[in-house]
Each structure stands twice: as structure tokens, then as C-alpha cells.
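Participant: fold the following and give me the result.
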Amino acid sequence: MYKLFCKVIFATCALLMFGCKTLAQQQFQTHAVKEGETLESVAKHYKVTPYNIIKYNKELKQGEALQPNTILVIPVGAVNTVSPQPTSPDAANKQPDVVIVHEEPIGFTKHRVKKKETLYGIGQRYHITEGDIKRYNKELYSTQLKKGMVLTIPKYLRVRTEENVIDEDDFEKYSVQPKETRWSIANKYGISVDSLKSLNPEMGEILSIGQELNLPKLPGSTVEDQEIQLYSSYTVPPKQTFYSLEKKMGVTEEQVKALNPEVQQRGLQEGMVIRLPNKKADTTAVNTDNFIFYEVKPKQTEYSLTRNLGVTYAQLIALNPDLKAGLKAGMVLKIPKSKQDGLEVKNSLILDKINLLDSIDILNRPKLVFLLPFRANNIDLSNKENAVETIVNRTSTRVSLGLYTGALIALDSIKKLGVSVDVRTYDTQLDIAKVKEILLNERLNSVSAIIGPLDAKSLDEVAFRAANYQVPVIAPVTSNSDISLSNVFFTIPTDMVLRSKMLDYMGGVYTDQNIIVIADDNNKPVEAQILSRFPSAKTVQLKENLSLDIAKFTDLLSQDVENWVFLETGNFKVISSVSSILNSSISEDVKVRMFTTNKNKAFDNDVISSVHLSNLRFTYPSVDREMSNDSFVRSYRNRFGMDPDRYAIRGFDVTYDALLKLAYKNNLFEASKVIGKTEYSGNKFDYHKDLASGYFNTACYILMYDAMHIKEVKENGDDVKSNL
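Facilitator: Predicted coordinates:
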């Protein structure tokens, strides 16, 4: 433990002293070859090697003469604003070339090329030119665009022209209705989702009922007018003509040009997103009790749709007759609520699962701040024996060490994925005055997320200060707070969540079992909750709130069906006694299992027999699961020479989850709206925003003792997963 503490102190100091560095973006310039120029002379002028020029110009070969007017891609450290000097007498008499200074991007993003995509279409999507794309993807000067290519897309800070300035007279306020999405509203008004975002920069990816949006007034009417003509978006496919468009969509060339001025100028071009007249909106009330809803994504096929949703196309058409006219991006489809098992659903809207490992943007550079009470100021490192005793006996230091060592492995893991992270680590010393001092000296406006502190008082202080800068605070070992903290992510599920998940699981596997509830006086509300879920359950009272009346209990046991016994108590003596009695009740004729909705610390007392719990196949809800031999555990052993404890596992999972989400969207609030359940080494997360407070984790495990091992029970109850 002493060695581990020393390693952590060293690593913390290193993170405080040295920032993570990123490589400068390689830049390129084009050069038109002039009469008499050679590969060597061009290389010399730009201070690069001939090899580097050949590397980025595949058509060139070593030793061959350069052809005049050939356009070369030159790798340079920065754009050269001085025209190349002529290298021959003939060239000396020519006028110098006009140098084009390109606008410098403010950042970059990545784009994976899909089937049938074109440079024009990609440029339209990101509001850049084909030249902008080629400038930062030099291979496109010599090769064709291919499916699967990963392109570097520049982002520019551009001032909108006057014609794009919003005139309030041209727009109206629109109140979001139940189950409406960005696509459905954009289609209703005949605009793109990008335009909708521009009009409503604070909109977010998932809309809430009653949310007000700015939208353009439809010609000659308002949104309340049921006779307005509505529009839908349409992406022009390859080789589309006005004739084929009219046959397919029933719209004339004149109508298309009237609605899309850009078509009048350039004609129909592959990749264009145009708007076409659509029938008026369906105003039928949405039934949220029996249905969930799915928003069709661009380029989605019938096959991928039915595979993802687990329904047949015939079933979809029966519920959504508009599908007979074809699948269109932005459609909101009704799905039977019975099909929601295995799907991520928020506010009745099915979310597409996002693979965070495949969705990271290496250009995002999160900044994390750790606030943990190591209390190193009170540890004498020169006295090894005393230091070890202090660390072992001081809970705050031991927990901080576990959390932070796990976090260090998470930082190593995200670095291997190419993401740079700025990290600042502080010892709060379990002192609120120290916390306030740290906050005064830290520039919170540049922080992506804060992990910690551990104590409630310091957490409240940090969350309050961070809220002024819209900085999320992640509470690694706290499930709630005494005050409303809208920017806090509580990573520990509450007891209420654990109990609800347990009862949901029991309700899903219950058939005709004989249920008996044993609860002490402190858990009578829990007993009532169980009886509400299982009205036929029987109860047994504890004598003097401590011992079980064996005769009364035995009379309630059934020989015909399995007996399920709920034990709800926080007294380890009661648990030891009752589990012993239940174990002795098992026979060839009598089958008994034990459950609880709250496995508190009393269940871990040494006087309780693990053999009895295993015989009873004791089942309970848990925040985390048992340690396995996964890549995190192996990495931890290699770095620290020991197995991680539960806090180290939690530190890794909490930190890695936050880093992956920040690498995906660099905004934890926005990422949490679109990312559902995630799971790592020993913890899983599924955050739901409380209307009056923060984000609460609603994911947990159902675990069971079996054959002297603890196993994870799958939600459907069919089998178990070992966690040896």
C-alpha cells in the first residue's frame, strides 16, 4: 500500500507539472511547375526533401523531369505567402504568380466516406468547398474518393452575410409536441436540420415537450392553419433527372425550381438536399401508452430498420400506412411498446446505439480536474510503517487512492486511442476551505468536467461554483445531495433505484412461487412495497425485532412450489440467524431461495455463512459486479503490481466513461442526451436527468450466489454470467 501511495503521488505530481502535448497540424501548399524547374529546385525552395514531394504526389517518379503546369502538393510547416522564385532565365522574365492565401481553419473533424458519397455532397454537408476538402486530404489530388476513407474536415469561423441575418418578422415561435424530433419538425417546415440548428443554437439533440423553437413562417399562413402546404427534404441520387424525379415524387420541374433557387442556377446535382411539397401534417394525437417511436435516419434501408427494431416491415406498414409510399428520413414510426426490450428508449423515443469507441473525435481535447482528499499533508512518507497504517485506517485516503489509480489507467487507455487530455489533480485535504482556495485559482471556464470531491459539503460547493460556467461535476461515490445540483452526475444508483430494479427483475421471472417477506421495524415501508408488487405474498414478524419464529415460518413454507424469501434488515445478527434457518429448511421436498432489495454492509459481516448464502442462491441488486480478469485488471496489475479494489475499478469506469463521451462530443450534457447505457469493467451507467436536480445513474446489476461464486443474473432470468 505504501508503494502504491508513492506511485500515485509521483504520477499526480507529473500530471501537475507537465501538460499533454499534441502534434501541430501538417499543412500543405500547391505549386504550379514552371518551365525549367526540377524536383530538387522546388524541394530546395520549400525547404523539404524531394522524397517528401514524391510521397504526396504519387504520379511523380524519382529521376523523371517535371512537366510544366503540373500541380504539386507541397508539405510545409505553414502556408508560404511568398511566391516561388523562378529558377531559369526564361522564367525570370515572367510575372510572379498571384498567391492565394487560404483561410485558416479553427479546428478539424473526421468524416468516414459512405457509399455513393461525393466531394460535392460532403462539401455541402460541412459548408465547405471541394478545394477545402482536398487541401487537408492530399491523397484526393491523385486518387478518387472511395467508401471507407476517413477525411479530415476543416472548420472555419465565418461571418454570416446580411442575407442570412435572422429577421424576427420572418419567423415564429413553435412549441414542441410529444414525440416530435428535429427531423420531423425540419421536414414539416421544409428546412434542413442544419438550418434548424442555426435558428436554435441551444436546441439540443433530444427535444422536450413544450420547448420553444424559432421556425420560418410558412408562406401565407401559420402553423395553426391546417390547410398549409408542408414540405419534406429530399437528397438527389446519382443520375437524377427532372423527368425521373417527377415520375418518382409527382412534382414538376417548375415546382422544384420554385422551391429551390439553387436548382435554377446549377440544375440537379448528386448530393443536393432539396425540398419538395408534401401532404399536410397528421394532427392525430399520439398514444404514448401503447407505443414507442423511432425517427428514420438518412440512407436507412428497410433491412437495417427491421433488423434494428426487431419487427417485420409488414408490421411497420400496418402501424404506419405512410410507409407504403417509401421510407423517408425524418419519418417518426410507431412501434409496439412490447418491442422495447433490448432497445434504448428515452421519453418514448428509441435511441440509436452509439459505439463510443468508433465515434471519438481525436481533435477533441478534454480538460479534467480531479478533486480528491488524499490528505498527503498529514502523512509522514519518511516513516514507512506509520504511513502504511495511516493510509489503511483513513477511509478518505484509501478511497481516493483507489479511485485515482483506476483513473490513471483510464487516462492511459484514452491516450492509446489518440485522444489528448489535459489533467489537473488537487488534494482537497478533506477541507472545505482548501476546496474554495482551489476553485479560486482554477480557470473553470476551460474545464470539460470535474471528478470529485467525495464529501457532500465540498461537492455542493464545487457544483455551485461550476454551475456558473456550465461545467459538469461527476460524483464518484455519492448517490444524491441535500440540495438541487443540476450539473452533477451521480454515478451511484440510489437505494430506490436498486430496489425498483430488483422488484422489476422478480416480477419478470415470477410465475407461481410462494413469496414470504421478513422485515424488521426499520424496513416496514419496504415490506409494503413488496406486498404491493406481490399481493399474494405472506409476512413473518421478527420477535423483538431480532429473531424469527421458526414454527410460524415453517407453517408458511410450501412443498409444491419454490419458496422465495425476502429478507429486509440492516442487522447482521438477524441476517446470520435467518439465513441459517432458511438453509436448514431446504430438503428434497422444500426448495428455498433468499432475496433482498437492499444488500447493505450488514450482509458482508464475517459471521454470515457464505455456504448458506450459496445454498440459498441469495440474489440481490448491486451497484457493481465482481472483478473479472479483463484488460483493465491486467493493465492495473502491470502498473501497480497488485489487483485493483472496488474503488480502483470504479475510478477507471467513471473516468473512462466520461473521457469517451467527451471525446465524442466534448460536452457531457449534450452527449448524455443521445448516449444510453454504457458498461465497462465493473460498473454500468445510464443517466437520466431529473427535472429539478442533476443526472442520476439508473443502471445496476442483479447478482446471485451460486456454487460458492457470485454470478450476474441476466435481466430476463434465463441464465447467469459468472464473475470469477
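
Participant: check whether residue 350 really touches residue 296, as I assumed.
Facilitator: No. Using Cβ atoms under 8 Å, residue 350 is not in contact with residue 296; the gap is 10.9 Å. All C-beta spots, glycine's among them, are computed from the backbone N, C-alpha and C.

Participant: got the domain boundaries for this structure?
Facilitator: Structural domains assigned to the chain are 27-92, 107-158, 291-357, 367-492+628-693, 495-622+705-710, following automatic domain parsing.

Participant: need those domains in JSON lines with mean neighbour count and distance to residue 260, can you?
Facilitator: Below are the domains of the chain laid out as JSON lines (neighbours: other Cβ atoms under 10 Å; distance: least, Cβ to Cβ, whole Å):
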{"stretch": "domain 27-92", "mean neighbour count": "15", "distance to residue 260": "33"}
{"stretch": "domain 107-158", "mean neighbour count": "15", "distance to residue 260": "13"}
{"stretch": "domain 291-357", "mean neighbour count": "15", "distance to residue 260": "17"}
{"stretch": "domain 367-492+628-693", "mean neighbour count": "19", "distance to residue 260": "30"}
{"stretch": "domain 495-622+705-710", "mean neighbour count": "17", "distance to residue 260": "51"}
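
Participant: need these in JSON lines with mean pLDDT and distance to residue 277, can you?
Facilitator: Output for the domains of the chain, formatted as JSON lines (pLDDT from 0 to 100; distance: least, Cβ to Cβ, whole Å):
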{"stretch": "domain 27-92", "mean pLDDT": "66", "distance to residue 277": "44"}
{"stretch": "domain 107-158", "mean pLDDT": "82", "distance to residue 277": "22"}
{"stretch": "domain 291-357", "mean pLDDT": "75", "distance to residue 277": "13"}
{"stretch": "domain 367-492+628-693", "mean pLDDT": "90", "distance to residue 277": "31"}
{"stretch": "domain 495-622+705-710", "mean pLDDT": "94", "distance to residue 277": "47"}
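
Participant: now for those, which one comes closest to residue 182?
Facilitator: domain 291-357 (8.3 Å; Cβ to Cβ).

Participant: let me see the ranges of the helices in the stretch 351-500 of the chain.
Facilitator: In the stretch 351-500 of the chain, the helices defined using DSSP state H, counting those that start in this stretch lie at 356-359, 384-393, 395-416, 432-441, 456-467, 495-509.

Participant: dump these to a markdown table, plus distance to residue 568.
Facilitator: A markdown table is the format used below for these (distance: least, Cβ to Cβ, whole Å):
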| stretch | distance to residue 568 |
| --- | --- |
| helix 356-359 | 38 |
| helix 384-393 | 32 |
| helix 395-416 | 27 |
| helix 432-441 | 36 |
| helix 456-467 | 26 |
| helix 495-509 | 9 |
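
Participant: name the residues that touch stretch 517-534?
Facilitator: 499, 503, 506-507, 510, 515, 537-540, 542, 545, 548, 553, 565-571, 574, 578, 597-598 (Cβ atoms under 8 Å, 6 or more residues apart in numbering).

Participant: quote the end-to-end distance of it.
Facilitator: With Cα to Cα, to the nearest Å as the measure, stretch 517-534 spans 10 Å from end to end.

Participant: one more: stretch 579-593?
Facilitator: End to end - Cα to Cα - stretch 579-593 spans 10 Å.

Participant: chain center to that stretch: distance?
Facilitator: Centroid separation for stretch 579-593 versus its chain: 45 Å, with Cα atoms, centre = their mean, to the nearest Å.

Participant: quick one, what contacts residue 668?
Facilitator: 448, 449, 472, 489, 658, 661, 662.

Participant: the same query, at a cut-off of 7 Å, please.
Facilitator: By Cβ atoms under 7 Å, 6 or more residues apart in numbering, the contact list for residue 668 reads 449, 472, 658, 661, 662.

Participant: pipe those into JSON lines and attach distance to residue 370 per row.
Facilitator: Shown next, in JSON lines, are the contacts of residue 668 (distance: Cβ to Cβ, whole Å):
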{"residue": "449", "distance to residue 370": "10"}
{"residue": "472", "distance to residue 370": "14"}
{"residue": "658", "distance to residue 370": "11"}
{"residue": "661", "distance to residue 370": "17"}
{"residue": "662", "distance to residue 370": "14"}
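
Participant: so which of these belong to strands?
Facilitator: Residues of those located in strands (DSSP state E): residue 449.
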